[in-house]
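I need the structure of the sequence given here:
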Amino acid sequence: QGPAGGALAAFAELGYACPPRENAADHLLDSITPNSAMNKDNRTLSPDAEVQMIATHGARLDVDLDFGSSMPLPVTREFLPWTSQFSVLFRRKMLKIWRKRELLQIQAAQTTLMGL
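Residues are numbered from 1 along each chain as shown. This next block holds a predicted model:
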């Protein structure tokens, strides 16, 4: 870790120089974010840069975020039908309105007076 102003220079030393007319923040995020669709050869470091990175930051770990599967991990959340979702949200909204009865009465009176 170091000063934010030195990030581009540090990445350039490691073989990840920012191309001209590219957003520096996007380049840094693209450099550190694994992308399974991209060919791994596009992001290999030169041997000197690899040694420099290991010396300054420790060994680089290759992490398999998909746990060896070619398929994405299933979402464990249960999907409810829209009718159930609507009834839950409607009930919550009605409770919120009921808790502020005075405000509801004032809004109803205001709407009536504006209509006259």
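
pLDDT weak spots in this structure?
For the chain, residues meeting the criterion pLDDT under 70 lie at 1, 34-78.

The same query, at a cut-off of 90, please.
Scanning the chain for pLDDT under 90 picks out 1-85, 88, 93-94, 96-105, 107-108, 116.

In it, where's the longest helix?
Counting by DSSP state H, the longest helix found in the chain is helix 82-99.

Kindly format the C-alpha coordinates of it as PDB.
The C-alpha atoms that make up helix 82-99 are tabulated as PDB, following Å, rounded to 0.1, in the frame of the first residue of the first chain:
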ATOM      1  CA  TRP A  82     -45.200 -11.600  -7.800                       C
ATOM      2  CA  THR A  83     -48.500 -12.000  -6.000                       C
ATOM      3  CA  SER A  84     -46.700 -12.900  -2.800                       C
ATOM      4  CA  GLN A  85     -44.200 -10.100  -3.200                       C
ATOM      5  CA  PHE A  86     -47.000  -7.600  -3.900                       C
ATOM      6  CA  SER A  87     -49.000  -8.600  -0.900                       C
ATOM      7  CA  VAL A  88     -46.000  -8.300   1.400                       C
ATOM      8  CA  LEU A  89     -45.000  -4.900   0.000                       C
ATOM      9  CA  PHE A  90     -48.700  -3.700   0.100                       C
ATOM     10  CA  ARG A  91     -49.000  -4.800   3.700                       C
ATOM     11  CA  ARG A  92     -45.800  -3.000   4.700                       C
ATOM     12  CA  LYS A  93     -46.900   0.200   3.000                       C
ATOM     13  CA  MET A  94     -50.300   0.100   4.600                       C
ATOM     14  CA  LEU A  95     -48.700  -0.300   8.100                       C
ATOM     15  CA  LYS A  96     -46.400   2.600   7.400                       C
ATOM     16  CA  ILE A  97     -49.300   4.800   6.400                       C
ATOM     17  CA  TRP A  98     -51.400   3.700   9.400                       C
ATOM     18  CA  ARG A  99     -48.600   4.600  11.800                       C
END
